[in-house]
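>>> I'd like to go over a predicted model; first the sequence, then the structure.
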Amino acid sequence: MAEPKEEEFLDDVSEAEAEEFAQSLDDLEDEAVELDELRAERDELKDRWMRALADAENARKRGDRARREAEQYGGSKLARDMLPVFDNMKRAVETITDEQKEASAALIEGIELTMRELLKTFSKHGIEIVSPEVGDKFDPNVHEAMFEAPVPNTKAGDIIQVSAQGFMLHDRLLRPAQVGVSSNPG
């Protein structure tokens, strides 16, 4: 009579082990699913972090470029407004006669010093003079044609007269040089 109880006990142990094994398989499957979800979440967060890092780097580069442009071109309106001052002083210096130099030497020296200081300030802030010569080829990127005329011994497109000098602010055109251009066909 004692033997059937022992077998029944062994059956219970086997069933318990099978249930425990099945439970551990379920737990492993749950852990595998959870691990896959965590990996996917990690990959998504890593991707978002990389994108945020790239966005921050791009924003820093845009900020640096905007700062450089503001430093170089921020005063372009003031510089453009100063060009007529340069033109008027240049004309004044060019019209001074020798008699006037003798009669008003100090005044004329002051005007010339002011002109040199203005040019030095232009240079300090990246303003360069575009000064074409008669006979140079017309360049629409830095010259503005004020008129055309058929002038003998010139080719079409040659500069025949310079009315006003042009100016560059670093690599940008501040004002084109105003020129007359030959329309001579030969």
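Okay, I see it.
>>> in this structure Gln165 contacts Glu133, no?
No: the pair Gln165 / Glu133 is not scored as a contact, 11.1 Å apart, by C-beta atoms under 8 Å. The way it works is simple: take the backbone N, C-alpha and C, and place the C-beta from them, glycine included.
>>> which of those two has more residues huddled nearby?
Taking other C-beta atoms under 10 Å, Gln165 and Glu133 do not tie; Gln165 has more neighbours (18 against 8).
>>> and the more buried one, what does it touch?
For Gln165, the contacting residues are Asp87, Lys90, Ile129, Val130, Ser131, Ala177, by C-beta atoms under 8 Å, 6 or more residues apart in numbering.
>>> so how far is Arg80 from Glu128?
Counting by C-beta to C-beta, to the nearest Å, the gap from Glu128 to Arg80 is 14 Å.
>>> before we move on, what about Val93?
Between Val93 and Arg80 the computed distance is 21 Å (C-beta to C-beta).
>>> on that earlier part again, mind putting the contacts of Gln165 into JSON lines with neighbour count?
JSON lines is the format used below for the contacts of Gln165 (neighbours: other C-beta atoms under 10 Å):
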{"residue": "Asp87", "neighbour count": "13"}
{"residue": "Lys90", "neighbour count": "15"}
{"residue": "Ile129", "neighbour count": "13"}
{"residue": "Val130", "neighbour count": "18"}
{"residue": "Ser131", "neighbour count": "11"}
{"residue": "Ala177", "neighbour count": "23"}
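>>> just those now: which is nearest Gln23?
Gln23 lies nearest to Val130 out of those, by C-beta to C-beta, at 87.2 Å.
>>> low-scoring stretches of this structure, by residue?
Where the chain drops to pLDDT under 70, the residues are 1-7, 9, 186.
>>> was I right about Met89 contacting Glu112?
No: look at Met89 against Glu112 with C-beta under 8 Å: they stay out of range, at 9.1 Å.
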